[in-house]
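Student: Sequence plus the predicted model coming up.
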Amino acid sequence: MTSETKTAGESADYEAAADSSPQAVASFDEHHHGLGHKIQHTLHQTPSLVPLIVLVLSIIAFGIMLGSKFFSPFALTLILQQVQIVGIVAAAQSIVILTAGIDLSVGAIMVLSSVVMGQFTFRYGLPVEVAVACGLLCGTICGYINGFLVAVVKLPPFIVTLGMWQIVLATNFLYSANETIRSQDIANTAPLLQLFGNKVNIGGAIFTYGVIFLVLLVLVLAYALRQTAWGRHVYAVGDDPEAAQLSGVQVKKVLISVYMLSGLICAFAGWAMIGRIGSVSPTSGQLANIESITAVVIGGISLFGGRGSILGSLFGALIVGVFTLGLRLLGADAQWTYLLIGLLIIAAVAVDQWIRKVSV
């Protein structure tokens, strides 16, 4: 090998080494972490941002098309009144999904709790306060059974809550004999059952106690999930239960507490439903489980657990409410609402998958 050839080879090796130098790697990383990655990282850190943007854009869009008809205080607060039940149940569903679980029994627990409140008041003649407490206890017990089967018996959440849905639904109809307690009877004998239906007028905007309860519930849960040890454990269990167990988190207790809290919140939703519709009906709220999952998914909470915000589920419920009312005011067929919500669900899952790549 001549000296010229050797020199040329060494020069080529030096240039190759220079290309793999820290400066070159830094340059590559800077190119890789471009605008798309920054957006991805921001959405990963603030998952409720996407549904908030969608909510604002949908309000603006319907506002442009409908004008003051949509932007009136009455119309905007009507959306809150329409989504209050779904919003409360979605809050219950959210904390379960954050643990990488799912609760298909939320709607049935809600209805059974309301039936217990009504039947204990009118069939057994108990004080309405005691009847309400029994209804709340009923929802909590149903949640405990779900949590025990998931955490201790190690059954899949989908199967457990699917079975519980059928059991609670059958119990509801058998116990109530499919009998509806009329609104007039409740108003005359036990007005406390209709508490969440009471209204407050603020500058032309009408808020029910149910709406106020929904907002307070979301704020309390948001604080608990972000600022307390229990909340951090919920996220840890949803992200990786084995790692959480190794780090000292009592996974079984966390799961049981989550399902119990979900059942209690559903019982409050049952109480709020009595105020919303005025009566105690065993056939009401049958789609609450699907509607709650819809609100949670659109709200940016990951179905894989460990990521999301309780505020997102509220935004998701409001998005559904905005689309429902907006299309109704436009005179569109109701099927367009289902079509657009279906597209939003698929888009939300696709965005979630894209955002999750930031942690891979």
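Tutor: Good, I have the coordinates.

Student: can you count the residues close to the closest residue to Ser281 other than its chain neighbours?
Tutor: Among residues not flanking Ser281 along the chain, Thr180 sits closest, at 4.7 Å (CB to CB, 6 or more residues apart in numbering). For every residue, glycine as well, the C-beta is placed using N, CA and C. Using other CB atoms under 10 Å, Thr180 has 16 other residues around it.

Student: Now do the helix or strand where Val86 lies, average pLDDT.
Tutor: When elements are assigned from DSSP states H and E, Val86 belongs to helix 73-97. In this model, helix 73-97 carries a mean pLDDT of 92.

Student: try stretch 336-353
Tutor: pLDDT averaged over stretch 336-353 gives 85.

Student: which parts of it are buried?
Tutor: By 16 or more other CB atoms under 10 Å, the buried positions in stretch 336-353 come out as 337, 340-341, 344, 348, 351-352.

Student: can you list contacts of it?
Tutor: 43, 50-51, 54, 294, 297-300, 302-304, 316, 319-320, 323-324, 327 (CB atoms under 8 Å, 6 or more residues apart in numbering).

Student: Quick check, Met164 in contact with Tyr144.
Tutor: No: using CB atoms under 8 Å, Met164 is not in contact with Tyr144; the gap is 11.1 Å.

Student: Counting neighbours, what do you get for His37?
Tutor: 13.

Student: And it, which helix or strand is it part of?
Tutor: helix 35-45.

Student: cool, Gly139 as well?
Tutor: helix 128-151.

Student: any idea of the mean pLDDT for that helix?
Tutor: In this model, helix 128-151 has an average pLDDT of 97.

Student: Likewise for stretch 186-196?
Tutor: 94.

Student: how far does it sit from the chain's center?
Tutor: Chain-centre distance of stretch 186-196: 28 Å, with CA atoms, centre = their mean, to the nearest Å.

Student: measure it end to end?
Tutor: Using CA to CA, to the nearest Å, the end-to-end distance of stretch 186-196 comes to 13 Å.

Student: give the contact list for the nearest residue to Gln119 once chain neighbours are set aside.
Tutor: Of all residues not flanking Gln119 in the chain, Ser176 sits nearest, at 6.4 Å (CB to CB, 6+ apart). For Ser176, the contact set (CB under 8 Å, 6+ apart) comprises 115, 119, 282.

Student: related to what we said a few turns ago, quick one: list the elements packing against the helix holding Val86.
Tutor: helix 106-122, strand 205-208, helix 209-227, helix 251-277, helix 288-298, helix 310-329 (3 or more CB pairs under 8 Å, 6 or more residues apart in numbering; DSSP states H and E).

Student: If you count neighbours, what's buried in it?
Tutor: 75-77, 79-97.

Student: give the contact list for the residue lying closest to Cys138 once chain neighbours are set aside.
Tutor: Nearest residue to Cys138, sequence neighbours excluded (CB to CB, 6+ apart): Val116, at 4.7 Å. Going by CB under 8 Å, 6+ apart, Val116 touches 131, 134-135, 138, 175.

Student: Nearest to Ala222 among these?
Tutor: Closest approach between these and Ala222, by CB to CB: Gly135, at 25.6 Å.

Student: What separation is there between that closest one and Phe268?
Tutor: Separation of Gly135 from Phe268 (CB to CB, to the nearest Å) stands at 9 Å.

Student: Low-confidence stretches in the protein?
Tutor: Filtered on pLDDT under 70, the chain yields the residue ranges 1-36, 39-45, 204, 356-360.

Student: More neighbours: Met164 and Tyr144, which one.
Tutor: Applying other CB under 10 Å to Met164 and Tyr144 shows that Met164 carries more neighbours, namely 23 against 16.

Student: quick one on the thing from earlier: ranking the helices and strands packed on helix 73-97 by mean neighbour count, which comes first?
Tutor: Counting by mean count of other CB atoms under 10 Å, helix 106-122 has the highest mean neighbour count of these, with a mean of 28.

Student: Just the angle for that one relative to helix 128-151, thanks.
Tutor: Inter-element angle recorded for helix 106-122 and helix 128-151: 150 degrees (by axes from the mean of the first three to the mean of the last three CA atoms, to 10 degrees).

Student: quick check: angle from helix 106-122 to helix 251-277?
Tutor: Going by the same axes, to 10 degrees, helix 106-122 makes 60 degrees with helix 251-277.

Student: so what's Leu325 up against?
Tutor: Leu325 neighbours (CB under 8 Å, 6+ apart): 70, 75, 78-79, 82.

Student: again, only this time at 7 Å
Tutor: 75, 78-79, 82 (CB atoms under 7 Å, 6 or more residues apart in numbering).

Student: That one and Ala75, how far apart?
Tutor: Taken as CB to CB, the span from Leu325 to Ala75 is 7 Å.

Student: same check, this time on Asn289
Tutor: If you go by CB to CB, the gap between Asn289 and Ala75 works out to 28 Å.

Student: Likewise for Gly238?
Tutor: 37 Å.

Student: what about the residue nearest to Phe71 when sequence neighbours are not counted, which helix or strand?
Tutor: Nearest residue to Phe71, sequence neighbours excluded (CB to CB, 6+ apart): Gly63, at 5.1 Å. In the assignment (DSSP H and E), Gly63 maps to helix 49-66.

Student: Check which residues of that helix are buried.
Tutor: So for helix 49-66, counting by 16+ other CB under 10 Å, buried means 49-52, 54-55, 58-59, 62-63, 66.

Student: List of residues touching stretch 98-106?
Tutor: 89, 92-93, 96, 142, 146, 150, 157-158, 161-162, 164-165, 168, 234-235, 237-238, 255, 258, 262, 266, 288-289, 292, 301, 304-306, 308.
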